[in-house]
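Q: Following is a predicted model, sequence given first.
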Amino acid sequence: TIVGVPRESAAGERRVALVPKVVERLQAKGLDIVVEPGAGAGALIPDDSYVRAGARLGDPWPADVVVKVAKPSRMEIGRLKSGAVLIGFLAPLIDAEGVRALADAGVTGFAMEAVPRISRAQSMDALSSQANVSGYRAAMLAAEHLTRFFPMLTTAAGTVPPAKVLVLGAGVAGLQALATARRLGAHTTGYDVRPEVAEQVRSVGSQWLDLGIEAAGAGGYARALTDAERAEQQRQLEQAIGGFDAVITTALVPGRTAPTLVTAEAVKGMRPGSVVVDLAGESGGNCELTEPGAVTVVHDVTIAAPLNLPATMPEHASELYARNVQALLELLVDADGALAMDFGDEVVAGACVTREEP
Ligand code: NAD
């Protein structure tokens, strides 16, 4: 089976779907890897390294399996052969038309975001591996924009209290943001609508903010709040947020626009020099004043809504992602490296968003 690794074409995307270490392992399993020249450039991986790992350089698009990070453009879909397998973040809940285009092209698509979040599939969980990068980077950004220290300092020139950091939405990204902010010395508090998260927040040394609203949904995700719950949540958060130097928001509900947790009123109540880092910008943002992709300052509060943070740490983000792709690929091939997709397998069936009928 030939596996193609294209150079990512989306603006600002610096990750690559496979790294040389993983190429080596896949070659050993009988797969033949073709890497587009420059595919690793954004992640600072030279073509040579791929060749030394056993890959060929060439056109990746006619391959049997094409592995990507970002969803393919229409032009890229046009270059896939009919019957090909495509693996990547295909945004199935957001980009229905893109998924239809794959189906029309006769492509069998596996979306990394659709891999079921069960123990057996943890090694393929790219949402988690990339959310860890985002959470880490979010805490760093909050520290960078804040006009105050994160850690407590006791110096001859005086004592500085630790910054208070609140993380709203304590899934994978939120927990990593909490852990990172705490390592930088901040006093950290986490909040979520899934009650089981309280213990996880405490386990990273953070306090748990309890607003008495529970909204656990299917598959370990949150459900959307009712209007009444949302109003109550915003009211309570408006009171709480003024006590924090930095608020990092990560709240998402699959397939929906992000919930508004930080209202304009709440921002008004923050001390000058405080920071909001909104990781939900891609889905509209958790802060009412968020401008996705921009850093804005409102009443002397900085609101940063960075897009695609994993691409800002392309080396490790690619390494982790490549291992997720490797694990999924290994599930799709037999011992000789030939495609053998078992659609009776919960993980294979769950991740599959389009399927070419044999
Ligand atoms: P996510 O990115 O979809 O959402 C981030 C967080 O926002 C979630 O914790 C969610 O509960 C929270 N949220 C949504 N609406 C909210 C609101 N109105 N107010 C406050 N918080 C809100 O979630 P995620 O980080 O991808 O993962 C969520 C969960 O999935 C994990 O914590 C875990 O339970 C489960 N998971 C399981 C596995 C596995 O078993 N392999 C792997 C990863 C995650």
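A: Ah, there it is.
Q: What residues does this protein have near the ligand?
A: Taking CB under 6 Å from any ligand atom as the contact definition, the chain meets the ligand at 117-119, 122, 125, 127-128, 131, 168-174, 192-194, 197, 220-222, 225, 250-254, 259, 261. (Each C-beta comes from the backbone N, C-alpha and C, glycine too.)
Q: Run through the stretch 51-200 of the chain and note the low-pLDDT ranges.
A: Nowhere does the stretch 51-200 of the chain drop to pLDDT under 70.
Q: can you tell me the residue of it closest to the ligand?
A: G171 (2.1 Å; CB to the nearest ligand atom).
Q: do you know how far that residue is from L307?
A: 18 Å (CB to CB, to the nearest Å).
Q: okay, the two: which has more neighbours?
A: Each of G171 and L307 has its neighbours counted (other CB atoms under 10 Å); G171 has more, 21 against 14.
Q: Got the phi and psi for M152?
A: Torsion angles at M152 (phi, psi; degrees, to the nearest 10) stand at phi -70, psi 140.
Q: check contacts around K81.
A: W61, P62 (CB atoms under 8 Å, 6 or more residues apart in numbering).
Q: Now, of the residues of the chain next to the ligand, which are buried?
A: With burial judged by 16 or more other CB atoms under 10 Å, the buried subset of these is 125, 127-128, 131, 168-174, 192-194, 197, 222, 225, 250-254, 259, 261.
Q: Which ones among these lie within strands?
A: Using DSSP state E, the members of those that fall in strands are L168.
Q: Identify the residues contacting I213.
A: Counted by CB under 8 Å, 6+ apart, I213 has contacts V193, L225, E229, E232, Q233.
Q: Buried residues in stretch 85-100, which are they?
A: V85, L86, I87, G88, F89, L90, A91, P92, I94, G98, V99.
Q: So which of those residues belong to helices?
A: G98, V99 (DSSP state H).
Q: Please work out how many residues are found near P37.
A: So P37, with other CB under 10 Å, has 13 neighbours.
Q: and it, what does it touch?
A: R7, D47, L57.
Q: could you redo the last one with a cut-off of 10 Å?
A: With contact taken as CB atoms under 10 Å, 6 or more residues apart in numbering, P37 is in contact with R7, D47, Y50, L57, G58, D59, P60.
Q: Quick check: which element contains the last one?
A: Assigned by DSSP states H and E, P60 falls within no helix or strand.
Q: List the residues that contact Y50.
A: Going by CB under 10 Å, 6+ apart, Y50 touches 5, 16, 18-20, 23-24, 33-37, 39-40, 56-57.
Q: For G109, which residues count as its bridge partners?
A: For G109, the beta-bridge partners under DSSP bridges are L86, T354.
Q: Would you mind confirming that it makes contact with A84?
A: Yes - G109 is within contact range of A84, at 9.4 Å (criterion: CB atoms under 10 Å).
Q: list the residues that contact both of those two?
A: Shared contacts of G109 and A84, defined by CB under 10 Å, 6+ apart, are found at I77, L102, E356.
Q: now the residues you listed as JSON lines including secondary structure?
A: Below are these laid out as JSON lines (DSSP: H, G, I helix; E, B strand; the rest coil):
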{"residue": "I77", "secondary structure": "helix"}
{"residue": "L102", "secondary structure": "helix"}
{"residue": "E356", "secondary structure": "coil"}
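Q: Now a ChimeraX select for only the buried ones of the residues you listed.
A: A single ChimeraX command is used to select the members of those judged buried by 16+ other CB under 10 Å:
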select :77,102
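Q: Tell me the confidence at the residue nearest to D336 when sequence neighbours are not counted?
A: Nearest residue to D336, sequence neighbours excluded (CB to CB, 6 or more residues apart in numbering): G30, at 5.2 Å. G30 carries a pLDDT value of 96.
Q: what secondary structure does G30 sit in?
A: The three-state label given to G30 by three-state DSSP is coil.
Q: Same question for the one 4 residues further on.
A: When the structure is reduced to helix, strand and coil (three-state DSSP), V34 reads as strand.
Q: What's the separation between the residue sitting furthest away from the middle of the chain and F149?
A: The outermost residue of the chain, judged against the average C-alpha position, is A156 (42.5 Å), by CA atoms, centre = their mean. A156 sits 16 Å away from F149, going by CB to CB.
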